[in-house]
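>>> sequence? don't have it. structure:
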């Protein structure tokens, strides 16, 4: 529990320092939801040695976005009853929009860092996760955008190796 609090405070401090670089009135805050299809590699009770599993993952996000970057705090939940794997992930992502234009289509690349809790029968481990993502954002209205991305994260935990996910997200900007 202490590790989770430290990670949350670290993410908040990093996010605050990013927002402090520019004028807050130039950025737009957003909240959103995401759903994805993920592949998780981790130990299970019946097969020690990074068993692969794929299933649906859900998440919620909050962040801020400017013309050329975006910072997002994400909580994702993955639960597969088929292979008995469960992963909760708290991430901070920083994305850079690679095309400098005012169009509604904005491709991006980014990095992520956070903390994950992995569970399976008789197995539980937590650790840092880090990785990258790429995708594109489409502005569908003045206050709504859609996001399609691929996110890959490695883990420092002993029994949880990595997770790769394709996500679809919807964001409400205010």
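That came through, no problem. If you're wondering where the values come from, they're calculated on a predicted model, not measured in any experiment.
>>> neighbouring strands - and their directions - for the helix or strand hosting residue 126?
According to DSSP states H and E, residue 126 maps onto strand 123-139. Sheet pairing for strand 123-139, assigned by DSSP bridges, gives strand 105-120 (antiparallel), strand 144-155 (antiparallel).
>>> now render the ones you listed as CSV, adding mean pLDDT, distance to residue 42 and mean neighbour count.
Yep, even glycine has a C-beta here, placed from its N, CA and C like the rest. Formatted as CSV, the strands paired with strand 123-139 follow (pLDDT from 0 to 100; distance: least, C-beta to C-beta, whole Å; neighbours: other C-beta atoms under 10 Å):
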stretch, mean pLDDT, distance to residue 42, mean neighbour count
strand 105-120, 95, 5, 19
strand 144-155, 96, 8, 19
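>>> mind putting these into a markdown table with distance to residue 166?
Formatted as a markdown table, the strands paired with strand 123-139 follow (distance: least, C-beta to C-beta, whole Å):
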| stretch | distance to residue 166 |
| --- | --- |
| strand 105-120 | 15 |
| strand 144-155 | 5 |
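>>> residue 68 is nearest to which of these?
strand 105-120 (9.4 Å; C-beta to C-beta).
>>> for residue 85, see how far away residue 52 is.
10 Å (C-beta to C-beta, to the nearest Å).
>>> the two - which one has more neighbours?
Counted by other C-beta atoms under 10 Å, residue 52 and residue 85 do not tie: residue 85 has more neighbours, with 25 against 13.
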